[in-house]
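> Next comes the sequence, and after it the predicted model I'd like to discuss.
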Amino acid sequence: MNKLRLPYPEISNRYGLEELAAIIETLQSDTLATGVGTPPQIDAFQKEFAEFIGVKHAFAVCNCTAALELAGELIGIGPSDEIIVPAITFISTALAVSRVGGKPVFADIDPRTLNLTRETIEAALTARTKAIYVVHFSGLPADMDPIMNLARQHDLAVVEDCAHAPRAHYKDRYVGSIGDFGCFSFHTVKNMTTLGEGGMITTNNDQDAYDIPRLRWVGTTLYEQQERYWLPFLYDVQRVRGVVPHNFNMSEVQAAVGRVQLRKVDQLNQQRRAIAHKLSAGLKDIDCLTVPYEPEGGEHVYHLYQLLFDGSEFGATVDDFIAMAYNDFGVQIVPHYLPIYRFSMYRDGEEDWAARCPVAEEVYRQMATMSASCLLTDEDIEYVVEAVTKTVNKLEG
């Protein structure tokens, strides 16, 4: 095996002096975590994020999975409810539904955008459907207008899973501002990050905005009338909409870093787009490869760069493609994602999800994910294009 020259990166971008200065300043402050009230860095991060995305309210949480779970609880998902999720995405989308007691129903995806569409959602609807979890997969916004029209016709809630797509445009809006809730990830591999983990939930609903902080932070509520600040106690603890509350908080230091990253994310996204477009320019004429598709009205921010490899004409599989790129040229390509229904947790039901999601099955057999990380140099990009081209040539024989 050749020496690994380009490993698949485990971080999205390097922190600079601005993040370091924000960390130091915050470490010298009087609070580092949420108490009864919202501390200053988290408060500022939430307000800045809401304005940046174009929503009324945003609330920082420990990760995107927590945001997805909070959204499900606020919708009121229960044991008899079916929730439509895409067949191919990270496990958290379905896991959050299961955590609040709902049943994930896996809908097929579009072969070009790899997203849910109105048509694939409509095919999965039943009388028990209560909500749709729409993932903006790999950084490309789903076509939201037809999806929202369908949801309103059937009185369904819409949760946008924006883990891959911070500040991605859909027409004249940003993802996370269109559905009932937007859920964002700041994990270390995402386009913007907050010290390894972190997330945000957004909404335009004032009642949800009132309930989220209490549901997020152990149900703490200040007494309306207190004899003294410690009487009858510093705070009360209540269920929120009948739900036992969580501890899903972000730290002050993470929020401080998030505020810096928020000022950089447009530039970081444009860097990813430039890298992805260079990769596509170098690979688009190879017959057995399909490069990412970017429709009019949706700006792809390329959290992931998804290639589809079809070597059926010369007897090669995507596994052969990944193995040769790795072993012969030292380029690490990874197989994002396994259809969720193939995991043990979701193989217990009677549904034949593979038969109901033929596009997802075909995409899974072809999908090979390369990095569009901002860490890639022009030399790296040239090497990847050369390595992939030579890999295909060798496989074709």
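Looks like it arrived, so ask away. Numbers count the residues shown, from 1 in each chain.

> Kindly list the longest strand within the protein.
In the chain, assigned by DSSP state E, the strand with the most residues is strand 129-135.

> okay, and for the stretch 151-300 of the chain, where does confidence drop off?
For the stretch 151-300 of the chain, not a single residue meets the criterion pLDDT under 70.

> hey, where'd the strands end up in the protein?
Using DSSP E, strands in the chain cover 57-61, 82-86, 103-107, 129-135, 157-161, 169-170, 173-174, 181-185, 199-203, 220-221, 236-237, 289-290, 305-309, 367-370.

> For beta bridges, what are the partners of the nearest residue to residue 116 once chain neighbours are set aside?
Using Cβ to Cβ, 6 or more residues apart in numbering and skipping the chain neighbours, the partner closest in space to residue 116 is residue 86 (5.0 Å). For the C-beta atoms, the positions are set from N, CA and C on the backbone; glycine is no exception. Residue 86 has the following beta-bridge partners by DSSP bridges: residue 107.

> one step back: distance from the chain centre to the longest strand of the chain, please.
Here the centre of strand 129-135 is set off from its chain's centre by 15 Å, with Cα atoms, centre = their mean, to the nearest Å.

> go on, stretch 151-168?
Distance, centroid of stretch 151-168 to centroid of chain: 11 Å (Cα atoms, centre = their mean).

> Next: stretch 262-271.
With Cα atoms, centre = their mean as the basis, stretch 262-271 stands 16 Å off its chain's centre.

> rewinding a little: would you mind writing the CA trace of the longest strand of the chain as PDB?
Extracted as PDB, the C-alpha positions of strand 129-135 are listed here (Å, rounded to 0.1, in the frame of the first residue of the first chain):
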ATOM      1  CA  THR A 129     -47.900  10.900   9.300                       C
ATOM      2  CA  LYS A 130     -47.300  13.900  11.700                       C
ATOM      3  CA  ALA A 131     -44.100  15.500  10.500                       C
ATOM      4  CA  ILE A 132     -41.400  15.600   7.900                       C
ATOM      5  CA  TYR A 133     -37.700  15.800   8.800                       C
ATOM      6  CA  VAL A 134     -36.100  17.300   5.700                       C
ATOM      7  CA  VAL A 135     -32.300  17.000   5.400                       C
END
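
> so which of the strands of the chain gets nearest residue 297?
Closest of the strands of the chain to residue 297 is strand 169-170, at 6.8 Å (criterion: Cβ to Cβ).

> My guess is the residue nearest to residue 116 contacts residue 138. True?
No. Taking contacts as Cβ atoms under 8 Å, residue 86 lies outside contact range of residue 138: 11.4 Å.

> higher neighbour count, these two?
When residue 86 and residue 138 are compared on other Cβ atoms under 10 Å, the one with more neighbours turns out to be residue 86, at 32 against 26.

> Pull the number of nearby residues for residue 76.
15.

> same deal with residue 31?
13.

> Kindly report the same for residue 337.
23.

> Kindly state the pLDDT recorded for the residue lying closest to residue 305 once chain neighbours are set aside?
Distances taken as Cβ to Cβ, 6+ apart place residue 372 nearest to residue 305, at 4.2 Å, with adjacent residues excluded. For residue 372, the model assigns a pLDDT of 91.

> again, but for residue 1
For residue 1, pLDDT reads 52.

> gap between residue 105 and residue 82?
Distance of residue 105 to residue 82, computed by Cβ to Cβ, to the nearest Å: 5 Å.
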